[in-house]
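> Got a predicted structure here, sequence first:
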Amino acid sequence: MSKSISIFDTTLRDGTQGEGISLSADDKLKIAKKLDELGVHYIEGGIPGSNGKDIEFFKRVQQLGLNAKITAFGSTRRKGSVAHEDANLQRMIESGAQAATLVGKSWDFHVHTALQTTLEENLAMIADSISFLRQQQMEVIFDAEHFFDGYKNNPEYALSVLRAAHQSGAQWLTLCDTNGGTLPHEIYEIVSSLRLELGGAGIGIHTHNDCELAVANTLSAVQAGARQVQGTMNGYGERCGNANLCSILPNLQLKMDYDCIPTAQLAQLTNTARYVSEIANVHMPVNQPYVGNAAFAHKGGIHVSAILRDSRTYEHIEPEQVGNKQRILVSELAGQSNILSKAKEMNLDLNPEKEETKQIIGKIKDLEHQGYQFEGADASLELLLREANGETSELFVFESFKMLVEKNAGSAVVSEAFVKIRIGGESIYTAAEGNGPVNALDNALRKALIHCYPSLREMHLSDYKVRVLDEADATASKVRVLIESQNLQSTWSTVGVSANVIEASWEALVDSIRYALLGQQLPETSNTTAATSQGIVNH
């Protein structure tokens with residue numbers, strides 16, 4: 001039997017049924033292009049004519065010249081009608097899509113309850129619709145909705161549905177676990193039986209994740225003979241989601257030796273998953289297998305020591321095969337190996353025998369005990385290591401800051417920050433307003449520095465997170481602030497901890513500025529502006 005698997009992506013249709021996911025036509029076109037670059041064979045774009053976004057998508061996607069087959073989704077003709085007069089089928093043809101995904105009922109319970117028609121009429125609806133689309137030269141993928149529930153309830157009728165679709169010209173018969181309640185052994189047994197019953201018909205699999213088995217069920221179906229796999233990027237979809245192609249692809253290709261997409265394109269998987277996550281504006285779990293930020297992250301000192309000798313000791317594949325990378329985390333669990341590995345990443349030459357190296361390991365563990373978390377703040381960690389190695393210079397000295405937050409009845413809150421620092425021998429005092437206290441502090445500190453370090457104009461804060469470390473202390477508890485910053489070249493994260501959220505934010509903010517200025521030199525006093533030499537910069 002062929003080892004080639006057809007990959008059918010339904011992120012743009014089934015994936016958008018997930019809670020909180022809404023894609024514009026532009027979003028859909030961007031994702032379609034990215035999926036095509038990954039190498040999927042089918043991209044299901046949506047339901048033609050159902051809404052303005054999908055109408056626009058099908059009009060514009062033809063201009064992209066994609067290699068993947070663009071697929072339109074729709075249901076069979078209505079009961080008691082004729083296929084060539086059905087508006088839904090007409091819209092599928094008019095969409096310009098090369099293929100049609102036609103959904104039909106395969107569970108007798110649904111035929112009677114949802115469609116409220118006879119079993120014979122349902123078969124006629126399926127056969128007529130497929131025959132009509134095939135006459136229009138469209139490839140047809142028949143999605144047998146609720147197939148596994150239907151087969152367990154009435155196997156003879158479920159099988160007759162597939163036969164009707166196959167005999168009418170459907171190229172693929174896709175078995176749908178629509179409610180997501182089937183188990184892997186059931187999938188294997190049913191698909192194996194169908195292969196014998198249906199001969200050479202192309203069998204596909206479409207699973208949902210309600211029992212967290214969508215990926216396992218898909219793999220079981222492929223082992224039993226299915227040769228088309230339907231799923232979504234990052235497992236997006238209604239309720240608990242669809243089968244996650246980000247896990248299915250590497251499992252099939254790297255673990256089970258099936259041909260899905262070219263090896264070079266599999267290395268784009270992580271980038272594609274994160275791109276789709278950004279466009280969909282959905283947080284991507286750090287522990288998502290294969291493509292998550294923590295998928296190949298190592299924290300325990302014993303693990304890291306072994307990883308540095310041979311990555312196979314704690315990694316089941318090479319991360320680069322799916323476009324990810326190995327990460328060594330530094331925390332209270334860190335050993336010497338973690339620190340040395342991070343230093344090597346930063347091109348720092350730390351001698352494990354030196355007292356300074358032992359001290360920095362101790363300092364990191366002590367700071368983590370206080371609530372700092374360096375595994376999510378690489379920039380703060382790098383500053384610590386460079387300081388320990390004598391590679392940082394004092395570009396400015398903090399003297400003081402003050403905050404003013406004012407709220408008057410009927411007006412918005414006003415936040416104003418006053419910052420005093422020293423650069424060289426000059427004292428600089430600035431004030432600035434902002435959208436909240438942290439933004440005001442950021443504006444005031446940059447105003448004080450930008451005359452001497454103009455590169456800060458290219459930097460901005462891109463994310464800000466606060467976490468309470470001990471909820472038992474209520475409003476008196478310590479908080480940890482993580483700040484993400486970026487410029488034209490890179491993104492970095494810093495951390496601060498305090499019982500005062502403003503002080504914790506200030507720590508993270510200062511580290512962010514210091515990291516942005518790494519490698520720069522203290523300017524000559526004569527180069528400072530007139531305002532600086534006067535000791536004050538007004539806001």
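Looks like it arrived, so ask away.

> buried residues in stretch 137-150?
Under the neighbour-count criterion of 16 or more other Cβ atoms under 10 Å, stretch 137-150 has 138-150 buried. Every C-beta, even on glycine, is put in place using the N, C-alpha and C of the backbone.

> farthest-separated two in the residues you listed?
Using Cβ to Cβ, these span at most 28.2 Å, a distance reached by 138 and 149.

> surely residue 131 meets residue 89?
No - using Cβ atoms under 8 Å, residue 131 is not in contact with residue 89, being 10.8 Å away.

> what is in contact with these two at once?
Common neighbours of residue 131 and residue 89, counting by Cβ atoms under 8 Å, 6 or more residues apart in numbering, are residue 83.

> Next up, the contacts around the residue lying closest to residue 253 once chain neighbours are set aside.
Closest residue in space to residue 253, ignoring its immediate chain neighbours: residue 260 at 4.8 Å, by Cβ to Cβ, 6 or more residues apart in numbering. By Cβ under 8 Å, 6+ apart, residue 260 lies in contact with 5, 7, 39, 229, 249, 252-253, 266.

> Torsion angles phi and psi at residue 399?
Taking degrees, to the nearest 10, you get phi -110, psi -50 for the backbone angles of residue 399.

> Tell me the secondary structure at the residue lying closest to it once chain neighbours are set aside.
With sequence-adjacent residues excluded and distances taken as Cβ to Cβ, 6+ apart, residue 399 is closest to residue 420, at 4.3 Å. Under DSSP: H, G, I helix; E, B strand; the rest coil, the three-state class of residue 420 is strand.

> can you map out the strands along the stretch 101-250 of the chain?
For the stretch 101-250 of the chain, the strands defined by DSSP state E, counting those that start in this stretch occupy 139-145, 172-177, 202-207, 228-231.

> Then the stretch 301-450 of the chain?
Listed in chain order, the strands of the stretch 301-450 of the chain (DSSP E, counting those that start in this stretch) span 327-328, 397-406, 414-423, 426-434.

> Is it possible to get JSON lines of those that adds mean pLDDT?
Listed next are the strands of the stretch 301-450 of the chain as JSON lines, based on pLDDT from 0 to 100:
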{"stretch": "strand 327-328", "mean pLDDT": "68"}
{"stretch": "strand 397-406", "mean pLDDT": "92"}
{"stretch": "strand 414-423", "mean pLDDT": "93"}
{"stretch": "strand 426-434", "mean pLDDT": "92"}
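
> will you turn these into CSV that also has mean neighbour count and distance to residue 455?
As requested, the strands of the stretch 301-450 of the chain are exported to CSV (neighbours: other Cβ atoms under 10 Å; distance: least, Cβ to Cβ, whole Å):
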stretch, mean neighbour count, distance to residue 455
strand 327-328, 20, 28
strand 397-406, 12, 19
strand 414-423, 20, 15
strand 426-434, 19, 17
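
> Make CSV out of the ones you listed and add distance to residue 283.
Shown next, in CSV, are those (distance: least, Cβ to Cβ, whole Å):
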stretch, distance to residue 283
strand 327-328, 18
strand 397-406, 30
strand 414-423, 27
strand 426-434, 26
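
> Nearest approach to residue 185 belongs to which of those?
Here strand 327-328 is closest among those (Cβ to Cβ), at 36.2 Å.

> can you put the strands of the stretch 101-250 of the chain in JSON lines and add mean pLDDT?
What follows is the strands of the stretch 101-250 of the chain, written out as JSON lines (pLDDT from 0 to 100):
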{"stretch": "strand 139-145", "mean pLDDT": "97"}
{"stretch": "strand 172-177", "mean pLDDT": "98"}
{"stretch": "strand 202-207", "mean pLDDT": "97"}
{"stretch": "strand 228-231", "mean pLDDT": "98"}
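
> show me where pLDDT drops low in the protein?
1, 300-302, 304-305, 308, 328-342, 345-346, 350-352, 375-376, 470-476, 524-539 (pLDDT under 70).

> rerun that using 50 as the cut-off
The chain contains residues with pLDDT under 50 at 332-333, 526-539.

> from the chain's centre, how far out does stretch 451-458 sit?
33 Å (Cα atoms, centre = their mean, to the nearest Å).

> Give the buried residues for that stretch.
Quick answer for stretch 451-458 (16+ other Cβ under 10 Å): 451-453, 456.

> What of stretch 7-27?
Buried residues in stretch 7-27 (16+ other Cβ under 10 Å): 7-16, 18, 21, 23, 25, 27.

> how far does it stretch from start to finish?
End-to-end distance for stretch 7-27: 21 Å, by Cα to Cα, to the nearest Å.
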